[in-house]
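Asker: got a structure for you, letters missing:
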Ligand SMILES: Nc1ncnc2c1ncn2[C@@H]1O[C@H](COP(=O)(O)OP(=O)(O)OP(=O)(O)O)[C@@H](O)[C@H]1O
């Protein structure tokens, strides 16, 4: 917005703005649609009917209108929309805008690519405009997106539609280096477009960050943000926002959970699901197919597909970032004849944005994790969405295929299903997804008409001597192999995802690996089950000692393998949430080790806590195995597991621990007394001042909060943070120590019990 030239013109502008706002307010109040009604069912106004205030002093109806210029929105917004070539509204816009403009909360659901973004961007801009919000008023609106790329895209739409307005807006997403600069400016921004993590970071770290005047909160991809993966962050965010605000939730797969809505304090939201009656849950112009592809033929099929669609723009979904990297690097070396790109959450943000923009502009193949599955609107239409790995559920499928066939354009998708995943096809069909099951045909392999095996070429690539400067393909293949199997293993939906049904050796060979990598994972339940195919999975008994082996370092990255695995988990922006929700990674999962040679220790398990009480150190025996803490009390542990205790050592240890506890107890009491004293003092001061100062109250809350933390930390001190098992055992251990009166014999029995349980 250009600054006005003179004081007079500024005044003039202000006056006309005030008049416009008054008119808009009256128009909106006058034509409010009935709460609970769907404006789509209203007849459209006659073509040449007057818009706005009519001569007789009434206003034109805006519920039911079909064009943006028939809505009670400011001229600046209308200009922005016109310049961006938005004239006719889509169904979700027609249904929701009349409600949202008059201040109601919205739960909006519509198919992918149907224009939900404008359905919330317009009322956000208008609300602040009508409130005459200016830079000095602080944060007036927050738009939250689950991914950085989507946030950036929403920000672009906001900039283009709101370009004539005088509000300030900022994009706050992770992975950017300029957080300090951001902190300096964030308090001057009126509209924040952000990811949950970055917003929370500002809430926690930016001095005077203030959202107390927030007018509108928007959750795009709401079901995803309300998912368990973002639960903590979102709760923390919402707790810092005023309850009196307008809230919009939009998604193609909307939540209807009352709990979710309660979390956000929605007030009688308008539920506008415009495609509920539609025969299909996906865009009508989307042609969807599924084919059976055994695991070991997926890359052959993908390669053949790419080779026969060299003039298309193709988006390929794989489960993990290591797969994405491997397939991208390997195929790149094989020069398919079309530019290849990859996108995943482990990439640096700048590169991620670069790749995203490049893919918008050029015909190419983009290999991606689910980080690109939601909301992204790749500028020039994507021709094909290829799901090499099965989506985790129906919603994930809908969002993935929704990257093509957007707005009025058409698109095609193909889903590779392994024979063991056929149940997914039923699930999709049950949810109104018109997916056609086909045999590999000319539809998929248009020109070549036959599969071009690629595993031989990959094997040759992997066999090449490592060049230090080049990517270590063998290592990538190895990681791709393991992370894929683990992702299958972690799925709760065993009807579809069953790792025990996979041809492991063939899969390994298909990646070009000379030998089946040795992995460790899996579920005790699977013990004794036959893995289909000539699997080399050798199940070993779960033994505690395995957990204490040193991690192996990756020759390429120099990172511990387990470190890389942990990073991999971080990468899965999308999967992790649901996995956790389904108990995939939870403590309850019965994870044992199938161990195939490379025995890797979870890095966490090796962390040495220097504050650990005496006697709880991890002790290594002569062979480098570690012993559980109580074993240090034993004289000897014989091969059959029977233990002989050194009585002196046992009683000395318990005496020490008793002493320590007493000391800690004294400290606790002292601190508690001190805290109460401080509290009393504060209350006294407050009474004296004769008023309750809010800051004081906060201070007290802080005080008690930090006290709670202190207690937590203190109690943690007793536990071995390395493992939950160890934690609960040590917990028992401590409770035993507290019982001062037990005899040496009892102590001995207890110690023996603990030892044998640790070794079993
Ligand atoms: N009224 C309109 N007129 C013309 N084009 C529009 C209109 N509304 C939206 N579009 C275009 O339609 C495309 C999809 O819009 P948008 O990204 O908002 O879809 P969406 O419903 O949010 O999809 P998703 O569920 O995948 O997030 C965009 O390219 C956008 O510019």
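Answerer: Yep, it's here. The structure presented is a predicted model; accordingly, all values stated were derived computationally and were not measured.
Asker: strands of the stretch 351-500 of the chain, start to end?
Answerer: Per DSSP state E, counting those that start in this stretch, the stretch 351-500 of the chain carries strands over the ranges 365-368, 384-387, 411-417, 435-437.
Asker: swap that for the stretch 51-200 of the chain, please
Answerer: Counting by DSSP E, counting those that start in this stretch, the strands of the stretch 51-200 of the chain are 106-109, 141-144, 169-172, 191-194.
Asker: which helices and strands sit right next to the second one?
Answerer: In this structure, strand 141-144 packs against helix 116-130, helix 148-161, strand 191-194, helix 196-205, strand 216-220, with contacts taken as 3 or more CB pairs under 8 Å, 6 or more residues apart in numbering; DSSP states H and E. In this view, the C-beta of every residue, glycine as well, is placed from N, C-alpha and C.
Asker: repeat that for the third one.
Answerer: Secondary-structure packing of strand 169-172 (3+ CB pairs under 8 Å, 6+ apart): helix 148-161, helix 179-185, strand 191-194, helix 196-205.
Asker: follow-up on the earlier one: got CSV for the strands of the stretch 351-500 of the chain, with mean pLDDT and mean neighbour count too?
Answerer: Formatted as CSV, the strands of the stretch 351-500 of the chain follow (pLDDT from 0 to 100; neighbours: other CB atoms under 10 Å):
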stretch, mean pLDDT, mean neighbour count
strand 365-368, 98, 26
strand 384-387, 98, 23
strand 411-417, 96, 24
strand 435-437, 92, 15
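Asker: let me know whether residue 238 touches residue 264 as I believe.
Answerer: Yes: between residue 238 and residue 264 there is a contact at 6.3 Å, judged by CB atoms under 8 Å.
Asker: ok, these two, which is more surrounded?
Answerer: In this view residue 238 and residue 264 are compared by other CB atoms under 10 Å, and residue 264 has more residues nearby, 23 against 14.
Asker: which residues of the protein lie near the ligand?
Answerer: Contacts of the chain with the ligand, taken as CB under 6 Å from any ligand atom, map to 86, 88-90, 93, 110, 112-118, 252, 375, 377, 402, 406-407.
Asker: can you go through these and name the buried ones?
Answerer: With burial judged by 16 or more other CB atoms under 10 Å, the buried subset of those is 86, 89-90, 93, 110, 112-118, 252, 375, 377, 402, 406.
Asker: what sits against the residue of the stretch 301-450 of the chain found nearest the ligand?
Answerer: Relative to the ligand, the nearest point of the stretch 301-450 of the chain is residue 407 (3.4 Å; CB to the nearest ligand atom). Taking CB atoms under 8 Å, 6 or more residues apart in numbering, we find residue 407 in contact with 90, 113-115.
Asker: nearest to the ligand among those?
Answerer: Of the contacts of residue 407, the one sitting nearest to the ligand (CB to the nearest ligand atom) turns out to be residue 115, at 3.0 Å.
Asker: from memory that closest one sits against residue 93, does it?
Answerer: Yes: Residue 115 lies in contact with residue 93 (CB under 8 Å); the separation is 5.5 Å.
Asker: identify the contacts common to those two.
Answerer: Overlap of the contact sets of residue 115 and residue 93 (by CB under 8 Å, 6+ apart) is empty.
Asker: helix, strand or coil for residue 36?
Answerer: The three-state assignment at residue 36 reads coil, by DSSP: H, G, I helix; E, B strand; the rest coil.
Asker: next one: the nearest residue to it once chain neighbours are set aside from residue 97, what distance?
Answerer: Sequence neighbours aside, residue 270 is the residue nearest to residue 36 in space, at 7.2 Å (criterion: CB to CB, 6 or more residues apart in numbering). Distance of residue 270 to residue 97, given as CB to CB, to the nearest Å: 11 Å.
Asker: how deep is residue 259 tucked in, by neighbour count?
Answerer: Residue 259, neighbours per other CB under 10 Å, totals 8.
Asker: any idea how far it is from the ligand?
Answerer: Remark: distance between residue 259 and the ligand (CB to the nearest ligand atom, to the nearest Å) = 23 Å.
Asker: ditto for residue 16
Answerer: For residue 16 relative to the ligand (CB to the nearest ligand atom), the value is 27 Å.
Asker: what does residue 60 give?
Answerer: Note on residue 60: its distance to the ligand, by CB to the nearest ligand atom, is 20 Å.
Asker: show me what contacts that residue?
Answerer: 27, 31, 45, 49-52, 54, 70.
Asker: what would these look like in JSON lines with pLDDT, neighbour count and distance to residue 295?
Answerer: As requested, those are exported to JSON lines (pLDDT from 0 to 100; neighbours: other CB atoms under 10 Å; distance: CB to CB, whole Å):
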{"residue": "27", "pLDDT": "95", "neighbour count": "22", "distance to residue 295": "60"}
{"residue": "31", "pLDDT": "92", "neighbour count": "20", "distance to residue 295": "58"}
{"residue": "45", "pLDDT": "84", "neighbour count": "18", "distance to residue 295": "57"}
{"residue": "49", "pLDDT": "83", "neighbour count": "12", "distance to residue 295": "61"}
{"residue": "50", "pLDDT": "85", "neighbour count": "11", "distance to residue 295": "65"}
{"residue": "51", "pLDDT": "88", "neighbour count": "18", "distance to residue 295": "60"}
{"residue": "52", "pLDDT": "87", "neighbour count": "15", "distance to residue 295": "62"}
{"residue": "54", "pLDDT": "83", "neighbour count": "11", "distance to residue 295": "67"}
{"residue": "70", "pLDDT": "95", "neighbour count": "18", "distance to residue 295": "54"}
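Asker: go through those and flag which are in helices.
Answerer: residue 27 (DSSP state H).
Asker: between the contacts of residue 60, which is nearest the ligand?
Answerer: residue 70 (12.8 Å).
Asker: OK, contacts around the closest one?
Answerer: Contacts of residue 70 by CB under 8 Å, 6+ apart are 45, 51, 60, 62.
Asker: likewise residue 201?
Answerer: Residue 201 sits next to 174, 179 when contact means CB under 8 Å, 6+ apart.
Asker: show the pLDDT at it.
Answerer: Looking at residue 201, its pLDDT reads 93.
Asker: how far away is it from residue 233?
Answerer: In this view, residue 201 and residue 233 are 10 Å apart by CB to CB.
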